[in-house]
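[1] Quick one, structure for this:
(chains A, B, C and D)
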There are 4 protein chains.
Amino acid sequence: KNRGCLLINCPDKPGIVATVSRFLFQYNANIIESSQYSTDPEGGDFFIRIEFECPDLQSKKEEIKLSFEAVAENFNMDWKITFASEMKKTAIFVSKELHCLRELLWEWQNGDLMTELAVVISNHEDSREIVEGLGIPFHYIPASKENRNEVEAKQLQLLQEYEIDLIVLARYMQILTPKFVEANPKRIINIHHSFLPAFVGARPYDRAYQRGVKLIGATSHYVTNDLDEGPIIEQDIMRVDHRDDIAALKKIGRSIERSVLARAVKWHLEDRIIVDGNKTIVF
Amino acid sequence: KNRGCLLINCPDKPGIVATVSRFLFQYNANIIESSQYSTDPEGGDFFIRIEFECPDLQSKKEEIKLSFEAVAENFNMDWKITFASEMKKTAIFVSKELHCLRELLWEWQNGDLMTELAVVISNHEDSREIVEGLGIPFHYIPASKENRNEVEAKQLQLLQEYEIDLIVLARYMQILTPKFVEANPKRIINIHHSFLPAFVGARPYDRAYQRGVKLIGATSHYVTNDLDEGPIIEQDIMRVDHRDDIAALKKIGRSIERSVLARAVKWHLEDRIIVDGNKTIVF
Amino acid sequence: KNRGCLLINCPDKPGIVATVSRFLFQYNANIIESSQYSTDPEGGDFFIRIEFECPDLQSKKEEIKLSFEAVAENFNMDWKITFASEMKKTAIFVSKELHCLRELLWEWQNGDLMTELAVVISNHEDSREIVEGLGIPFHYIPASKENRNEVEAKQLQLLQEYEIDLIVLARYMQILTPKFVEANPKRIINIHHSFLPAFVGARPYDRAYQRGVKLIGATSHYVTNDLDEGPIIEQDIMRVDHRDDIAALKKIGRSIERSVLARAVKWHLEDRIIVDGNKTIVF
Amino acid sequence: KNRGCLLINCPDKPGIVATVSRFLFQYNANIIESSQYSTDPEGGDFFIRIEFECPDLQSKKEEIKLSFEAVAENFNMDWKITFASEMKKTAIFVSKELHCLRELLWEWQNGDLMTELAVVISNHEDSREIVEGLGIPFHYIPASKENRNEVEAKQLQLLQEYEIDLIVLARYMQILTPKFVEANPKRIINIHHSFLPAFVGARPYDRAYQRGVKLIGATSHYVTNDLDEGPIIEQDIMRVDHRDDIAALKKIGRSIERSVLARAVKWHLEDRIIVDGNKTIVF
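    Below is the predicted model of the structure:
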């Protein structure tokens, strides 16, 4: 596959697009899709995502990376180039609620998640059968507040072993330590079962019920060390009414959670997301 | 018009519907629409709204009210009966942003708000022309933190004078005192420009922008003395993205605010809302 | 389980609710949920669904049915009573696309479809493993235009054998003969992959793409002998744009199809649907 | 205002973006927003919209246009350049239903429609007051099947007189002749009160009611000589149910129609739409 993707973030000024598109043209690359955004044309930040197709890309990868260094330096760019041929490796963390895991597995089986599902890690045995049935390695690591460091040590070792690029918390009900989070910046995606910033923290459906809201939602975000405060990737909601008790809210919520998480993961895998401070730009 | 509406709230037990429907049948009333809800069939609270049509209702109104007393006492009912022939009187409070006012005036002109728009009160002159152009009395009462008691005294007098049943805060940017709120329980409807409980308080669009949410919303609720904590009547949201700056959020928000407020006001006027603690049942 | 559900359709006139609710009260039944609708209070049709809880319902079922006859005759009612204790039996027909089947199986595993999934019938082997893995009988009946009568004879025999109450066409890509449809009135639910009446017939996503629509949808309806013209139960849509090719439309469509079909099936199983001519009333 | 917008459509091949962005850079233009789309990277059609800011644009306009000719010829481009300083002139055609007109006037008053509202033409007097009240010329031209040619002659003359760029049919209930349509290609926007292609033609809400749909919608499209078959710009829907009679559908529909039309008009005015055969690309 001769596809590549270039993500750039730099101070805005005239000439960036001209320079970058000329650079790609020199390699005979055809731009397939390009999206850009500037916080402010005068003195703001400029973001661009360019997907391109380039004949014999495989053999030119290193050269392209190397020669782009000069361009990047000139414009003071924060940049990244990825190649469709180098598939990202994903680990899914899950606990007892399996709806998000199931959705991801389904999308993956359909060929809609372009990733290697390298490993599933859980603090329960519930998902073992379905995971191993698909030929994906499953690791059971019982977890509690007491053995957190030990658990995370095992997890980090597995992540290294499987060369993981992305960690998806598909309703994983354990808090991660700052150490774990810092070791994996901008590559842990969580699903929170409320439309953040409403109902940060535990038991959001119970609290939504108490408050009498008419909409419930779910939010997918990158994990940072501020609980439920990381950059939001995607959110969605559904309508509820007074007849819906907490069990009904949870059931409705499950269907929001699984679609919101699946979209966020897909966008990450397609390199559509740029993190800008505590926000995301989704191209 | 021979329409009436009966709203009941009482402890649930068998026989309520049988008794009430037999009562109405004695008056030859035909039940047009009926909705009910029980928090729990065993020992819960029961709520019902019955809309009925009754020949010669005009002449039987007092008798119906009187004779229902006995039924109500028997089941320990909290109840209310209203008649379509007795139109509610509404006051709208507004400041400088007129989109919610405009929407309500428009719906009212179309005959979609069954109310007498008795008066508009504002702390600015901006809306005088449009209001008076429709033949609705307009009162300008400049307001600030300093003269709050004086202002509210004038407002309360106008409400009395115009025999107001419902007060709509259509982006009225002044805080009401506890005294004012307590004098008007369950009959002040506000529009808050966020999907509550997210962004309680001031400047919600600015804060939504800072947080990087992917959805913004608006919430219509009854006003209580806890800021933005009153019973929610209706909420809605729209999708936004990183390209939307604060001005864009405000603009998108305006269109949510006006439809959410209009729905809430209409439901109140049609006696579709029962307040249950800090929640609403909307039939 | 002491729950029952009464569905009534009759000419509207005063006294129906009073009579029916008194009837239920005589059996000590408590009305849990009740919804009604009248096409016109004067000379229109009246529809009501009453869900009730009745102590020792099991032992009173026959008596209730028998004694309701007199009430029903008096008001010229078309009626039906069902009991939660008598679970409906469902057959699913499916071809090669399994997303709708998967969704139904999932909901059923979660306990969200109150039915006995008695049998899955397919003209392909693709779903055998997943179906049998859940302990549900699977029957492979290869089908084509040529052997339609023979195929349907086998299917009808299976339906009889398994005492099927509801047939769900979960993307079953064969046309049913009038004979088959007439043998199963108001109990075959189909999912059509467009927002009907747009794109009746074959290849709706291709045609949606050609037409350049900005929304695609799915429709669940009861099957009649007019292709895609039966009473609509539920519809939903999602937004698409010029970037979405036919493959993308199909993918987006799959997620609409599965949720729309699941809702329709659930409502049918909960006796929430009354067919009124070529429309449905969904309570 | 130093903003300009370049719209290009040409056969896809490598180097287009590089050439165009270099062209703009030569004029010191900064690209503010850029969107592109290719039907197929190999042998497909390429579309791009570039919004740019350029110092002293006013004085360079003619030069830019002229020198771009060479670039365009080289790539066989169909292209257009517009300048924010040259505001488009819009005519609104309306009949007796004023909700779409009102919405457009409102958006325009808020500064959200970047156009000169040059004239409103109607076959009824209903909107005269509201239009003239805003200082916009109003022309009453009574119309019927009999005098169609005469009416259109007057309309065409007014369009010429006011130098109109865009004609908006805001629920104008007269059919336009092929001659009129051909004289105004890709610049007449209509709002049809159904989600096309469902309910092409007259009385869509009546037919939606008869069919028993659960969603109703509206569609904004460019007018061609095939009734309701022109390129779709925008569509939206709302949920309805069995309780909604035709009057209710119309009322709900009005709120969809006004927002759908307003979005389509705004996108046209911002040069966000490229017509590609019978489809639109909306950037």
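
[2] Just give me the neighbour total for A:Leu66.
    9 (other Cβ atoms under 10 Å in any protein chain shown). Heads up, the C-betas are built off the backbone N, CA and C, glycines and all.

[3] and it, what does it touch?
    Listed by Cβ atoms under 8 Å, 6 or more residues apart in numbering or on different chains, A:Leu66 has no contact partners.

[4] who's the residue in the stretch 1-150 of chain A positioned nearest to chain B bridged to?
    Relative to chain B, the nearest point of the stretch 1-150 of chain A is A:Tyr37 (6.1 Å; Cβ to the nearest Cβ). For A:Tyr37, the beta-bridge partners under DSSP bridges are A:Phe47.

[5] didn't it look like it was pressed against A:Ile281?
    Yes: assessed by Cβ atoms under 8 Å, A:Tyr37 is found in contact with A:Ile281 at 5.8 Å.

[6] I'd assumed A:Glu73 was in contact with A:Thr19.
    No: A:Thr19 lies out of contact with A:Glu73 (Cβ under 8 Å); the separation is 11.9 Å.

[7] Of these two, which one has the most company?
    Remark: of A:Thr19 and A:Glu73, A:Thr19 carries more neighbours, 15 against 9, as counted by other Cβ under 10 Å.

[8] C-terminal to the lengthiest helix in chain A, what's the next element?
    With secondary structure taken from DSSP state H, chain A has its longest helix at helix A:246-269. Next in sequence after helix A:246-269, counting helices and strands by DSSP states H and E, comes strand A:273-276.

[9] And the spatially most distant residue from the centre of chain A, how far from chain D?
    The C-alpha centroid of chain A is most remote from A:Arg243, which lies 34.7 Å away (Cα atoms, centre = their mean). Applying Cβ to the nearest Cβ, to the nearest Å, the value for A:Arg243 to chain D is 15 Å.

[10] swap in A:Glu270?
    Counting by Cβ to the nearest Cβ, the gap from A:Glu270 to chain D is 16 Å.

[11] do the same with A:Leu158
    When A:Leu158 is compared with chain D (using Cβ to the nearest Cβ), they lie 39 Å apart.

[12] Number of residues surrounding that residue?
    Neighbours of A:Leu158 (other Cβ under 10 Å): 17.

[13] Pull the contacting residues for it.
    By Cβ under 8 Å, 6+ apart, the neighbours of A:Leu158 are A:Ala91, A:Val119, A:Ile121, A:His139, A:Ile164.

[14] Can you tell me which residues in the stretch 101-250 of chain A are near chain B?
    A:195-199, A:211-215, A:217, A:231-237, A:241-243 (Cβ under 8 Å from any Cβ of the partner chain).

[15] From those, list just the buried residues.
    A:195-199, A:211-215, A:217, A:231-237, A:242 (16 or more other Cβ atoms under 10 Å in any protein chain shown).

[16] Go through these and flag which are in strands.
    Mapping those onto strands (DSSP state E) picks out A:Leu215, A:Gly217, A:Ile232, A:Ile233, A:Glu234, A:Gln235, A:Asp236, A:Ile237.

[17] looking at the sheet around the second one, what are its partners?
    Beta-bridge partners recorded for A:Gly217 (DSSP bridges): A:Ile237.

[18] Run through who's touching the helix or strand that contains A:Ile121.
    Element membership for A:Ile121 (DSSP H and E) is strand A:116-122. Contact with strand A:116-122 is made by A:87-95, A:101, A:104-105, A:108, A:127-128, A:131, A:134, A:136-141, A:155, A:158, A:162-164, A:172, as judged by Cβ under 8 Å, 6+ apart.

[19] and these, which of them are in strands?
    A:Lys89, A:Thr90, A:Ala91, A:Ile92, A:Phe93, A:Val94, A:Phe138, A:His139, A:Tyr140.

[20] Save those residues as TSV, and put in distance to C:Met114, pLDDT and neighbour count too.
    Output for those, formatted as TSV (distance: Cβ to Cβ, whole Å; pLDDT from 0 to 100; neighbours: other Cβ atoms under 10 Å in any protein chain shown):
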residue	distance to C:Met114	pLDDT	neighbour count
A:Lys89	41	98	16
A:Thr90	36	98	25
A:Ala91	37	98	22
A:Ile92	31	98	26
A:Phe93	33	98	24
A:Val94	28	98	26
A:Phe138	32	98	19
A:His139	36	98	15
A:Tyr140	33	98	14
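
[21] which of these sit farthest apart?
    A:Lys89 and A:Tyr140 (20.1 Å; Cβ to Cβ).

[22] Need the nearest residue in space to A:Leu6, chain neighbours excluded.
    In space, and not counting its chain neighbours, A:Leu6 is closest to A:Ile50: 4.6 Å by Cβ to Cβ, 6 or more residues apart in numbering or on different chains.

[23] That should have said A:Asn190, apologies.
    A:Leu169 (4.3 Å).

[24] pretty sure that neighbour contacts A:Ile188?
    Yes: using Cβ under 8 Å, A:Leu169 is in contact with A:Ile188, at 6.5 Å.

[25] Name the residues contacting each of the two.
    Joint contacts of A:Leu169 and A:Ile188 (Cβ under 8 Å, 6+ apart) are A:Val223.

[26] related to what we said a few turns ago, right, is the longest helix of chain A up against chain C?
    Yes: for a cut-off given as Cβ under 8 Å from any Cβ, helix A:246-269 has contacts with chain C, namely A:Lys251, A:Ser255, A:Ser259.

[27] From the contact counts, what lies against that helix?
    Under the contact criterion of 3 or more Cβ pairs under 8 Å, 6 or more residues apart in numbering or on different chains; DSSP states H and E, helix A:246-269 touches helix A:99-109, strand A:166-169, strand A:188-192, helix A:204-211, strand A:215-222, strand A:232-239.

[28] Now render these as JSON lines, adding mean pLDDT.
    JSON lines is the format used below for these (pLDDT from 0 to 100):
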{"stretch": "helix A:99-109", "mean pLDDT": "94"}
{"stretch": "strand A:166-169", "mean pLDDT": "98"}
{"stretch": "strand A:188-192", "mean pLDDT": "98"}
{"stretch": "helix A:204-211", "mean pLDDT": "98"}
{"stretch": "strand A:215-222", "mean pLDDT": "98"}
{"stretch": "strand A:232-239", "mean pLDDT": "97"}
